[in-house]
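Q: Here is a sequence with its predicted model. Questions after.
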Amino acid sequence: MPVLKIHLLEGYSDADKIRLCEGLTDAVRLVVPAPPEAVTVMIHEMRAADYMRGRQMRTPAPARPDPSGIVKQFLNDMQTRDLDAARAHLAPDFTMHFPGSGAMSDLDALIRWAAPRYQSVTKAYAGFDTMQTSGDASVVYCRGTLSGVWLDGTAFDGIRFIDRFEITDGLLTRQDVWNDIAEIRATP
């Protein structure tokens with residue numbers, strides 16, 4: 001049964017500490033074959049006044065925002081067509097790739113690209129998986145099914161999709177999309 005003890009400066013919210021404990025539990029389980037309930041994480045909080053590094057008193061850095069929360073909000077903003085709110089989640093160098101598209105960096109370009117494909121589309125989510133890369137980016141995989149209306153007015157549903165997002169400093173830097181729309185459309 002793995003036991004992790006960490007020291008953390010005071011100042012993080014309970015929600016941040018829960019995210020930290022869940023992330024550490026998941027990291028341990030990548031290596032140690034233990035169920036989640038067998039992994040113990042203990043946080044020892046220290047007062048900032050009791051900590052010094054480099055002859056300076058230190059305060060904790062703010063917690064990073066939850067990457068999957070950023071993705072969920074972005075996708076919600078896109079689905080409700082609140083494009084200004086969606087744009088607020090994008091880094092200046094944001095790029096996205098959809099099946100059959102080249103790289104796009106503008107949400108209006110995405111809407112123009114989708115216009116000759118379907119009238120509308122919505123996503124039903126089966127799950128979100130978040131991980132940290134060895135660099136500064138977090139990666140969120142979102143998976144589920146698509147439903148909507150084809151250009152001729154007929155409905156579709158149950159089309160599988162996976163979206164992969166990269167997030168750096170709280171902003172989306174990349175989106176890659178895979179789905180079965182082309183296969184479903186090609187079926188007579």
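A: Thanks, I have it.
Q: domain parsing for this structure?
A: The record's domain split for the chain, according to automatic domain parsing, is 3-57, 67-186.
Q: Pick the most deeply packed of those.
A: Scoring the domains of the chain by mean neighbour count under mean count of other Cβ atoms under 10 Å gives domain 67-186 as the most buried, with a mean of 15. (Each C-beta comes from the backbone N, C-alpha and C, glycine too.)
Q: Need the contact partners of stretch 142-159.
A: Stretch 142-159 is contacted by residues 71, 75, 116-129, 160-165, 179-181, 184-185 when judged by Cβ atoms under 8 Å, 6 or more residues apart in numbering.
Q: redo that, cut-off 6 Å
A: Applying Cβ atoms under 6 Å, 6 or more residues apart in numbering, the contact partners of stretch 142-159 are 71, 118-128, 161-163, 180-181, 184.
Q: And stretch 19-26, by the same measure?
A: Here stretch 19-26 has contacts from 4, 36, 39, 41, using Cβ under 6 Å, 6+ apart.
Q: Please repeat the previous calculation with a cut-off of 7 Å.
A: 4, 36, 39, 41, 66 (Cβ atoms under 7 Å, 6 or more residues apart in numbering).
Q: Would you mind measuring from the second one to residue 54?
A: By that I understand residue 36. Plainly put, residue 36 is 37 Å away from residue 54 if you go by Cβ to Cβ, to the nearest Å.
Q: can you pull out the helices in this structure?
A: Here the chain has its helices, by DSSP state H, at 14-31, 67-79, 83-87, 107-114, 181-186.
Q: Run the chain-centre distance for the third one.
A: Which is helix 83-87. 16 Å (Cα atoms, centre = their mean, to the nearest Å).
Q: and that helix, what other elements does it pack with?
A: helix 67-79, helix 107-114 (3 or more Cβ pairs under 7 Å, 6 or more residues apart in numbering; DSSP states H and E).
Q: The first one vs helix 107-114, what angle?
A: For the pair helix 67-79 and helix 107-114, the angle between their directions (axes from the mean of the first three to the mean of the last three Cα atoms, to 10 degrees) equals 60 degrees.
Q: same question for helix 67-79, mean pLDDT?
A: Averaging pLDDT along helix 67-79 yields 96.
Q: For it, name the packing helices and strands.
A: helix 83-87, strand 118-132, strand 138-150, strand 155-168.
Q: Redo those as JSON lines? Include mean pLDDT and distance to residue 32.
A: Below are the helices and strands packed on helix 67-79 laid out as JSON lines (pLDDT from 0 to 100; distance: least, Cβ to Cβ, whole Å):
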{"stretch": "helix 83-87", "mean pLDDT": "97", "distance to residue 32": "40"}
{"stretch": "strand 118-132", "mean pLDDT": "94", "distance to residue 32": "17"}
{"stretch": "strand 138-150", "mean pLDDT": "96", "distance to residue 32": "22"}
{"stretch": "strand 155-168", "mean pLDDT": "96", "distance to residue 32": "27"}
